[in-house]
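Colleague: only geometry, no sequence info:
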């Protein structure tokens, strides 16, 4: 945030969240809708964990960062 990078991501439609249980296990209204996909650095996954009909891709922090930059699943080497 000190560098202003958060503004780039929020302008592109990213949603800023605080660390904690929410999307990681589909609590509160933070769930994937059917057909939505998410890249997650969580250490576990099972069908429907982040929302019924959603699809979660478990990725490394480096892949998560590359994915955030491009807006689609991306390998860091492809940047």
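Modeller: Nice, I can see it. Note that the structure is predicted; figures quoted are calculated from it, not measured.
Colleague: can you tell me the element residue 56 falls in?
Modeller: strand 55-58 (DSSP states H and E).
Colleague: partner strands of that strand and their direction?
Modeller: Sheet partners assigned to strand 55-58 using DSSP bridges are listed as strand 37-40 (parallel).
Colleague: for the strand it pairs with, give me every contacting residue.
Modeller: Strand 37-40 is touched from outside by 23-24, 32, 50, 54-59, 63-64, 67-68, 73, with contacts defined as Cβ atoms under 8 Å, 6 or more residues apart in numbering. C-betas here are computed from N, CA, C, even on glycine.
Colleague: flag every buried residue along it.
Modeller: 38, 39, 40 (16 or more other Cβ atoms under 10 Å).
Colleague: show me what counts as buried in the strand holding residue 56.
Modeller: Neighbour counts over strand 55-58 (16+ other Cβ under 10 Å) mark residue 56 as buried.
Colleague: what's the next secondary structure element after that strand?
Modeller: Taking DSSP H and E, what comes next after strand 55-58 is helix 61-70.
Colleague: helices or strands up against that next one?
Modeller: Helix 61-70 sits against strand 37-40, with contacts defined as 3 or more Cβ pairs under 8 Å, 6 or more residues apart in numbering; DSSP states H and E.
Colleague: hey, what's the spatially most central residue of the chain bridged with?
Modeller: Centroid check for the chain by Cα atoms, centre = their mean gives residue 39 as the closest residue, at 4.2 Å. In this entry, residue 39 is beta-bridged to residue 57, by DSSP bridges.
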